[in-house]
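Trainee: Sequence and predicted structure are below.
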Amino acid sequence: MRRDDHDRGLNPEVTRMIGIVGWAVLFAAILVWEGIGLRLPHDAWPTLSDMLRVVMRSPVGRWAMFGIWVWLGWHLFVRGWHLFLRA
């Protein structure tokens, strides 16, 4: 927990629960979007793969997706590995 969170009186359990609920809502929205896209006729509602295909057509889009992939991997996996990153 960060010191400024503690100074403001934020409960760590409440803060964690807000984060978990936020991620759950985000993933639920993505699944609902994909379900609607798969259920409706193909041109009526784009699926996530349709949108990614459009982005990946250009080299700039491919580099942007690669950058997002590296950033996400760093923040989700590497940043918390204190065992391997000791100085």
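Mentor: Arrived safely.

Trainee: End to end on stretch 44-64, go ahead and measure it.
Mentor: Terminal residues of stretch 44-64 are spaced 27 Å apart (Cα to Cα, to the nearest Å).

Trainee: Name the residues of it that are buried.
Mentor: 46, 47 (16 or more other Cβ atoms under 10 Å). From N, CA and C alone the C-beta is placed, and that goes for glycine too.

Trainee: which phi and psi does residue 58 have?
Mentor: phi -100, psi 150 (degrees, to the nearest 10).

Trainee: before we move on, what about the one 5 residues further on?
Mentor: Reported as degrees, to the nearest 10, the phi and psi values for residue 63 are phi -70, psi -40.

Trainee: Nearest residue to residue 37 in space, please, no chain neighbours.
Mentor: residue 47 (3.6 Å; Cβ to Cβ, 6 or more residues apart in numbering).

Trainee: Ok, residue 48 next?
Mentor: residue 34 (5.6 Å).

Trainee: doesn't residue 47 make contact with the one you found?
Mentor: Yes - with contact defined as Cβ atoms under 8 Å, residue 34 reaches residue 47; the gap is 5.8 Å.

Trainee: For residue 62, report the pLDDT, please.
Mentor: pLDDT, residue 62: 96.

Trainee: Does it fall in a helix, a strand, or a coil region?
Mentor: Following DSSP: H, G, I helix; E, B strand; the rest coil, residue 62 is assigned to helix.
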